[in-house]
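I need the structure of the sequence given here:
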Amino acid sequence: MNPAFRKKIKRNDRIAYWVITLGGMAIIFSVIFILILIAEVSLPLFLSPDAELHASNRIENAEKMMAVGMDEYMETGYTIDEDGEIHFFNIVDGSELDRSQLAREAGRKKLIDVDSYGRLNHSLLWEDGSLTIEQVVFRPFFDEANDNKRSILHQVDRLAEFPAPPVLPQQSLARADDEGRKVRVDLFADNRLQLQLLEVTEDFLGNEEVTEAEHLLEVHFKGKISALELSNNGRMLYAGSDQGELCRWDLSDAEEPVLLETLQGFADQRAISSLGLVFGDVSLAVGDVTGQVTTWFPVRNDSGTRVLTRIHDLSQHSGPVQALSPSPHDKSVISFSDDGLHLDHMTSERFLLALGEKDSLTSYAMTTRGNAMIGLAKDGRLISWKLDIPHPEISFGTLFGKVWYEGYDEPTYAWQSSAATDDYEPKLSLTPLIFGTLKGTFYAMLFAVPLAILGAIYTSQFARPRLRELIKPAVEVMAAIPTVIIGFLAALWLAPLIERSLGSMFLSLIMVPAALMISIAIWQAARKVEPLKRVERGFEFLAIAPIAIMAVAFAAVLGPGLENWLFAGDLKQWLFTEMDTRYDPRNCIIIAFAMGFAVIPIIFTIAEDSLSNVPNSLKAASLALGASRWQTVWRVILPSASPGIFAGTMIGFGRAVGETMIVLMATGNTAIMDLSIFNGMRPLSANIAVEIPEAPVDGSLYRTLFLSAVILFVMTFVVNTVAEIVRQRLRAKYGRF
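Numbering: from 1, shown residues only. Next up, the predicted model:
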């Protein structure tokens with residue numbers, strides 16, 4: 001060989017070697033970079049919350065201050081003192097901005113109690129027993145005369161006013177809503193609860209009707225009432241006793257308040273020291289003298305009655321819980337004791353932060369955004385913290401475990417990313433989505449794998465070359481059909497068709513295999529007839545195909561009559577009443593056909609190539625020893641081609657796991673965990689496609705969807721890795737053939 005030509009070949013080989021190596025490494029690095037990118041977005045879900053000291057200033061007469069608050073921009077704070085005066089000050093330097101006198105009427109000299117609730121609302125109990133509800137309002141504005149710089153306007157609005165009762169109460173709570181309903185509850189020293197209610201209603205003609213009522217609430221406690229809590233709308237009242245008892249009333253009916261239940265909350269009869277309603281006014285936070293914080297909400301029992309049930313156990317204080325308040329932003333609970341403030345999230349049961357452990361706080365408040373806290377220490381310091389708690393509702397338990405959500409009768413896996421109100425409880429469990437992914441893949445593979453592999457066996461081993469040249473390209477063309485078209489046809493044509501002929505479909509599953517087996521048996525006997533001997537091998541299916549078509553036709557004709565006879569004409573209703581299974585139009589039957597149709601070409605092509613590449617010498621040797629064609633395929637060809645068949649099956653499995661458009665359009669997108677073939681599901685891929693357009697950037701939902709992408713990536717990586725390991729072992733085992 002010419003040395004120059006040989007040198008050129010070696011140079012080209014080296015170039016090809018490096019190009020292939022660099023290309024392969026680039027692909028690997030690109031895939032790893034994509035994984036790092038999506039993992040980086042989801043990683044903040046699991047970062048620990050943080051609090052940063054924002055400001056600390058001393059104020060005068062700190063011992064007279066009874067409540068504190070702060071605007072959501074962390075610029076203006078305020079205090080309410082025992083003289084009924086509210087002081088506004090600059091958070092950063094502590095300088096006073098304004099002050100306002102709340103005690104406008106004579107006789108109200110001092111405050112004896114302040115109950116803060118909602119969005120900067122304060123219920124003030126005065127020395128003479130009268131009570132007012134004051135709301136602090138902050139309004140940002142941009143002053144054109146000051147270069148459009150933002151400023152904060154503040155004012156105090158009186159929402160309600162209640163006269164003094166004949167006897168000074170021990171504790172009072174009051175609420176006023178936007179519909180003209182005002183409620184006051186007084187606790188007296190002899191364990192009496194007095195309800196005052198003022199309600200203004202308007203009929204369709206615009207006429208107003210004022211209802212005033214007073215009620216003495218019945219109390220069935222063995223001990224003394226030690227804690228009270230009233231919902232923000234004034235319709236639910238809760239009480240706890242010094243013997244661990246809990247009680248709740250429904251105050252919705254102004255004419256007749258209803259005592260809903262009285263129960264023993266703690267078996268050891270520990271005293272309940274404080275109560276607080278979690279954001280949304282459904283769950284009740286309970287603090288006791290041991291320092292334990294728990295949350296409760298009504299759960300339906302065996303008789304159908306809803307009773308308060310202990311659901312979540314939150315953090316433990318070193319001393320009695322003195323106060324409980326909700327975050328105005330989410331389902332977090334703020335508990336206050338001698339060891340400072342604890343922030344816990346109810347749903348995830350995560351302990352988030354501890355604040356003011358060494359500051360001896362006397363009062364505290366959180367901003368309406370939940371982004372900062374302010375507290376007053378005994379030494380006269382006003383301390384504010386910036387809070388960084390981005391995803392308190394996320395934990396491994398809420399993502400992958402069962403959680404007992406508000407309104408549910410038991411712990412469950414649930415996905416519900418949004419609701420009609422802002423106080424809903426996020427349900428971001430990925431378990432039903434992973435289950436839906438595997439469920440849809442299982443039924444699709446159950447349909448696709450037998451057809452693809454048996455079709456590959458017939459095409460490669462039994463069909464004539466002319467027929468093989470037609471079948472293989474036709475099946476490969478199936479892979480070029482856009483999945484959105486398959487999903488569209490499955491949702492709008494196949495699903496209604498199967499729903500109308502459900503009985504016929506199930507009958508065809510029996511009749512078609514039976515007819516094929518009978519026809520094969522008849523064919524084996526009929527082949528001895530001289531004219532049929534002339535049928536060329538590989539075209540026997542031409543005699544069997546009409547039988548299958550006839551079986552489907554008979555099933556379509558007989559199905560409605562059989563459904564009328566056995567199921568009173570409604571198979572779907574029979575499934576619901578007798579089998580407790582609901583038939584959904586978008587279900588796994590549709591997915592089995594649609595996604596199986598998309599997966600079949602991949603499995604068929606790889607399996608057919610593997611079977612065709614088995615050396616002909618092996619087949620010839622088996623036939624020469626007297627084995628039949630089927631024995632040769634079963635004992636020789638299939639084991640030799642098993643690495644390729646298994647690889648094709650796993651590639652098809654990975655294709656089904658990552659499928660998006662078909663499952664998006666044909667599954668119904670119901671995030672339920674049910675193996676029934678009559679129900680739909682929501683896979684991870686479809687969930688990402690549905691949710692990502694509406695997910696707020698960097699929010700919990702947004703990052704959870706990226707975590708779903710990581711899980712999909714890991715699932716396909718694991719499947720492909722296992723497939724390669726098994727393929728290599730099969731190759732080593734049967735490589736000697």
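
The host helix or strand of F554: how far from the chain's middle?
Assessed by DSSP states H and E, F554 sits inside helix 541-567. Centroid displacement of helix 541-567 relative to its chain, using C-alpha atoms, centre = their mean, to the nearest Å, is 43 Å.

which helices and strands does that helix pack with?
Under the contact definition 3 or more C-beta pairs under 8 Å, 6 or more residues apart in numbering; DSSP states H and E, helix 541-567 sits against helix 502-526, helix 571-578. Where you see a C-beta, it was placed from the backbone N, CA and C, and this is true even at glycine.

Any idea which of the ones you listed gets closest to G84?
Judged by C-beta to C-beta, the one of those that comes nearest to G84 is helix 571-578, at 64.1 Å.

just to revisit the earlier point, got a markdown table for the helices and strands packed on helix 541-567, with distance to E60 and mean pLDDT too?
Shown next, in a markdown table, are the helices and strands packed on helix 541-567 (distance: least, C-beta to C-beta, whole Å; pLDDT from 0 to 100):
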| stretch | distance to E60 | mean pLDDT |
| --- | --- | --- |
| helix 502-526 | 80 | 82 |
| helix 571-578 | 72 | 82 |
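
In CSV: the ones you listed, plus distance to P390 and mean neighbour count.
Formatted as CSV, those follow (distance: least, C-beta to C-beta, whole Å; neighbours: other C-beta atoms under 10 Å):
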stretch, distance to P390, mean neighbour count
helix 502-526, 48, 15
helix 571-578, 44, 14
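
could you dump these to JSON lines with distance to T368?
Converted to JSON lines, the helices and strands packed on helix 541-567 look like this (distance: least, C-beta to C-beta, whole Å):
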{"stretch": "helix 502-526", "distance to T368": "54"}
{"stretch": "helix 571-578", "distance to T368": "47"}
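
Checking G487 next. Helix, strand or coil?
Three-state assignment for G487 (DSSP: H, G, I helix; E, B strand; the rest coil): helix.

nearest residue to it other than its sequence neighbours?
Spatial nearest neighbour of G487, chain neighbours left out: M665 (3.5 Å); criterion: C-beta to C-beta, 6 or more residues apart in numbering.

tell me, how many neighbours does that neighbour end up with?
M665: 23 surrounding residues under other C-beta atoms under 10 Å.

Which residue would you name as the spatial centre of this structure?
Per C-alpha atoms, centre = their mean, the C-alpha nearest to the average position across the chain is that of L428, at 2.1 Å.

For the closest residue to it other than its chain neighbours, list the residues it contacts.
Distances taken as C-beta to C-beta, 6+ apart place T704 nearest to L428, at 5.0 Å, with adjacent residues excluded. By C-beta atoms under 8 Å, 6 or more residues apart in numbering, the residues touching T704 are S42, L45, I394, L399, L428, L430.

pLDDT, distance to V477 and secondary structure added to those, as a markdown table?
Formatted as a markdown table, those follow (pLDDT from 0 to 100; distance: C-beta to C-beta, whole Å; DSSP: H, G, I helix; E, B strand; the rest coil):
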| residue | pLDDT | distance to V477 | secondary structure |
| --- | --- | --- | --- |
| S42 | 91 | 39 | helix |
| L45 | 91 | 44 | helix |
| I394 | 92 | 46 | coil |
| L399 | 93 | 42 | helix |
| L428 | 92 | 41 | strand |
| L430 | 94 | 37 | coil |
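
Any of the residues you listed buried? List them.
Buried members of the contacts of T704, scored by 16 or more other C-beta atoms under 10 Å, are S42, L45, I394, L399, L428, L430.

Relative to A372, which of the helices and strands packed on helix 541-567 is closest?
Of all the helices and strands packed on helix 541-567, helix 571-578 sits nearest to A372, with 52.5 Å by C-beta to C-beta.

and the angle for the closest one with helix 541-567?
Interaxial angle of helix 571-578 relative to helix 541-567 (axes from the mean of the first three to the mean of the last three C-alpha atoms, to 10 degrees): 50 degrees.

With just CA atoms, put helix 571-578 into CSV.
The C-alpha coordinates for helix 571-578 follow below in CSV (Å, rounded to 0.1, in the frame of the first residue of the first chain):
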residue,chain,number,x,y,z
LEU,A,571,-72.4,-0.9,32.3
LYS,A,572,-70.9,2.4,33.6
GLN,A,573,-73.6,2.7,36.2
TRP,A,574,-73.2,-1.0,37.2
LEU,A,575,-69.5,-0.4,37.7
PHE,A,576,-70.2,2.5,40.0
THR,A,577,-73.0,0.9,42.1
GLU,A,578,-71.7,-2.7,42.3
